[in-house]
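Novice: With the sequence up front, the predicted model follows.
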Amino acid sequence: MNSVATAALLGREAKQGAVSVRDVPGHLLRAVFAMLIRDGLLLCLFLLPQWPLTGIAPLMVLGSMAVITGLLTFFVERSGRGRRQPPLPHRLLRSPLALRSVGGFGLLFSLLFVLSGLAKQFFGASGLLLVVIAGALASTASSSVLLGQQLTAGAISGIIAASAMWLVALVGLMENAIIFWITSSQSAPVGRLFLFYIPILFAGGFVVILASLLR
């Protein structure tokens, strides 16, 4: 499930009163957890064929953030036990395996691949990181694939990839919250969601700092 689409759907449902605002952080945290797991699996597709894993740092960043997100989701669901939380109407979300979704992802990745090559040639690693982070606004999955490809090719180091992966996740988290706020015009759930974001981002940032110190 696309976390951005989930945020937009939640915003519309919350605005219409179909979803309680108290349940919004839990739904969005589950979407964030799925996003982190998906991006980690995409990275693994590139990194696992190379052993030992020289680029394990970005995987550790995503793993730590996913663990904290999973714990927070469990905590939110336990605190909400006793009141019925209606499931999201998944029928309104386009399948990520649909031809339009797959084609759009392939086109976006191809564009990012070309732009990253040009940016790296003219501006070095900083240009590549800028393209990766900008690409995360459209799809964190495409940025994860691009990072995995660049890391496997030896174009960037594991520390740079880990830092970029943390920034990609940051963009994804902020984008979800902003999209929900725009579509729902409700700020209370967003403020609560930002409180949950703090330990998630701290966990990933701590891994980046630790990896840079131990390299």
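Specialist: Sure thing, it's come through.

Novice: Give me the pLDDT value at residue 108.
Specialist: Residue 108 is assigned 56 on the pLDDT scale.

Novice: Next: residue 102.
Specialist: Model confidence at residue 102 (pLDDT) stands at 46.

Novice: and what of the one 10 residues further on?
Specialist: Residue 112 carries a pLDDT score of 62 in this model.

Novice: Same check on the one 10 residues further on?
Specialist: According to the model's per-residue confidence, residue 122 sits at a pLDDT of 71.

Novice: Count the residues that sit near it.
Specialist: Residue 122 is flanked by 8 other residues according to other C-beta atoms under 10 Å. C-beta here means a position set from N, CA and C on the backbone, and glycine is covered the same way.

Novice: Distance of it relative to residue 157?
Specialist: 20 Å (C-beta to C-beta, to the nearest Å).

Novice: Kindly report the same for residue 193.
Specialist: According to C-beta to C-beta, residue 193 stands 33 Å off from residue 157.

Novice: least trustworthy helix or strand in the protein by mean pLDDT?
Specialist: The least trusted helix or strand in the chain, going by mean pLDDT, DSSP states H and E, turns out to be helix 99-123, with a mean of 60.

Novice: Downstream of that one, the next helix or strand is which one?
Specialist: Moving toward the C-terminus from helix 99-123, the next helix or strand (DSSP states H and E) is helix 125-136.

Novice: The very next helix or strand once past that next one versus helix 125-136: what angle between them?
Specialist: As assigned by DSSP H and E, the chain's next helix or strand after helix 125-136 is helix 140-152. Going by axes from the mean of the first three to the mean of the last three C-alpha atoms, to 10 degrees, helix 140-152 is angled at 150 degrees with respect to helix 125-136.

Novice: so what does helix 140-152 touch, helix or strand wise?
Specialist: When contacts are defined as 3 or more C-beta pairs under 8 Å, 6 or more residues apart in numbering; DSSP states H and E, helix 140-152 packs onto helix 24-47, helix 99-123, helix 125-136, helix 158-184.
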